[in-house]
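Chemist: output the structure for:
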Amino acid sequence: MSDYIIRGIAAESSIRFFAATTKDLVEYARKAHNTSPVATAALGRLLTAGAMMGVMMKGDDDVLTLQIKGDGPIGGLTVTADSGGRVKGYPINPEVLIPANSKGKLDVGGAIGSGFLNVIKDMGLKEPYVGQTALQTSEIGDDLTYYFANSEQVPSSVGLGVLMNKNNTVKQAGGFIIQLMPFTDDKIIDALEEKLGKVDSVTSMLDAGLSPEDIMEKLLGDFGIEITDKIDTRFECNCSKERVEKVLYSIDKSDIQEMIDDGKPINVECHFCNSDYTFGVDELKKILKNNH
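Modeler: Sure thing, here's the model as predicted:
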């Protein structure tokens, strides 16, 4: 098992936590979208968060979508995940290049700019749950910490990190989400806040070779941790030619006729994984004929 998520509890169930290592799935996304280093870091953080938040959902068919819309050069990011650890996502502008920030790190906040975070949970109800918060630092971890506190009223700490090699491949990626239950004792809250205040960044812990289990032991070991679950996570897109064909059925008939009149096959690309699907003139005629 290369990429995985652990889920568990600490402090006699008054703390719950998730931690993940996501190097392979972030590298897969980097290759699929040919992302620049800062776009890889931004997308990698959001994919890691999406994977962990996805497994928080209960139903097999539940789908989580995280959308970041900012005024920075990356334009925005979209990630979707399910309860089985499958996640996919894309940046609007994968090739964004900007200088490092004042600490010499990849400037994810500068790439995203000011804007909003949308969290959409489709749990098979009539209407999906939609939570929206303004971006606080646009570094993604802080923004999700703020989202949990304000939209879900769950005090949380979200740490996310992506570390790049000199050749711009992904060296390490991962993160954690720590959440307090409503009955958590004030002494535990104070001790946890103090602990988190002293801790290294996620990237430095990953760079030191720490696994999700090691990271949680380092952060929560004083409170007694119990790991309850270990879940594989991976970048997986469920697109197919059949699914893309269904989208073509929703296009106006006159537009399909125009494509047929051009006499050339059309290529349709999946946003999430960049897979290409080709439809020939005969296939387009069939779609037009069946498009009632």
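Chemist: every contact and neighbour count from this point should use C-alpha atoms.
Modeler: Fine.
Chemist: Val26: which element?
Modeler: Under DSSP states H and E, the secondary-structure element containing Val26 is helix 23-33.
Chemist: give me the distance between that helix and the centre of its chain.
Modeler: Taking CA atoms, centre = their mean, to the nearest Å, one finds helix 23-33 lying 12 Å from the centre of the chain it belongs to.
Chemist: report all helices and strands that it contacts.
Modeler: With contacts taken as 3 or more CA pairs under 8 Å, 6 or more residues apart in numbering; DSSP states H and E, helix 23-33 sits against helix 37-54, strand 86-91, strand 170-180, strand 234-235.
Chemist: got a list of what the residue located most distally from the centre of the chain touches?
Modeler: Summary for the chain: using CA atoms, centre = their mean, the residue whose C-alpha lies farthest from the chain's mean C-alpha position is Asp261, with a distance of 40.6 Å. Contacts of Asp261 were listed using CA atoms under 8 Å, 6 or more residues apart in numbering, and none were found.
Chemist: got a pLDDT number for it?
Modeler: Asp261 carries a pLDDT score of 89 in this model.
Chemist: can you tell me the SS state at it?
Modeler: Taking DSSP: H, G, I helix; E, B strand; the rest coil as the rule, one finds Asp261 in the helix state.
Chemist: where's it relative to Leu248, distance?
Modeler: Asp261 is 16 Å from Leu248, where distance means CA to CA, to the nearest Å.
Chemist: ok, Val130 next?
Modeler: 27 Å.
Chemist: who has more neighbours out of these two?
Modeler: Leu248 (19 against 13; other CA atoms under 10 Å).
Chemist: the helix or strand containing the more buried one - contacts with which helices or strands?
Modeler: Take DSSP H and E as the rule and Leu248 turns out to sit in helix 241-249. Secondary-structure packing of helix 241-249 (3+ CA pairs under 8 Å, 6+ apart): helix 281-290.
Chemist: for the record, mean pLDDT for the helix it packs on?
Modeler: The predicted model gives helix 281-290 an average pLDDT of 85.
Chemist: buried sites along that helix?
Modeler: 281, 284, 287-288 (16 or more other CA atoms under 10 Å).
Chemist: could you pull out the helices for this structure?
Modeler: In chain order, the chain shows helices spanning 23-33, 37-54, 108-112, 141-151, 186-198, 202-207, 212-220, 241-249, 253-262, 281-290, with DSSP state H as the criterion.
Chemist: for the second one, packing partners?
Modeler: Taking 3+ CA pairs under 8 Å, 6+ apart as contact, the helices and strands that helix 37-54 lies on are strand 15-21, helix 23-33, strand 63-70, strand 76-82, strand 86-91, helix 108-112, strand 156-164, strand 170-180.
Chemist: how far off strand 156-164 does that helix point, in degrees?
Modeler: Regarding helix 37-54 and strand 156-164, their directions subtend 140 degrees when assessed with axes from the mean of the first three to the mean of the last three CA atoms, to 10 degrees.
Chemist: can I get helix 37-54 as CSV, trimmed to CA atoms?
Modeler: This file holds the C-alpha atoms of helix 37-54, laid out as CSV (Å, rounded to 0.1, in the frame of the first residue of the first chain):
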residue,chain,number,x,y,z
PRO,A,37,5.8,23.2,-9.2
VAL,A,38,3.5,25.8,-7.6
ALA,A,39,0.4,24.3,-9.3
THR,A,40,1.5,20.8,-8.2
ALA,A,41,1.8,22.1,-4.6
ALA,A,42,-1.6,23.8,-4.7
LEU,A,43,-3.4,20.8,-6.4
GLY,A,44,-1.6,18.3,-4.2
ARG,A,45,-2.7,20.0,-1.0
LEU,A,46,-6.3,20.1,-2.1
LEU,A,47,-6.2,16.5,-3.3
THR,A,48,-4.8,15.4,0.0
ALA,A,49,-7.5,17.3,1.9
GLY,A,50,-10.2,16.0,-0.4
ALA,A,51,-9.1,12.4,0.1
MET,A,52,-9.3,12.7,3.9
MET,A,53,-12.6,14.6,3.8
GLY,A,54,-14.0,12.1,1.4
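Chemist: any stretches of the protein with poor pLDDT?
Modeler: The model of the chain has pLDDT under 70 over residues 1, 292.
Chemist: not counting residues beside it along the chain, what's closest to the spatially most central residue of it?
Modeler: Nearest to the centroid of the C-alpha atoms of the chain, with distances taken as CA atoms, centre = their mean, sits Leu47, at 2.4 Å. In space, Leu47 comes closest to Val79 once its chain neighbours are excluded; the distance is 6.2 Å by CA to CA, 6 or more residues apart in numbering.
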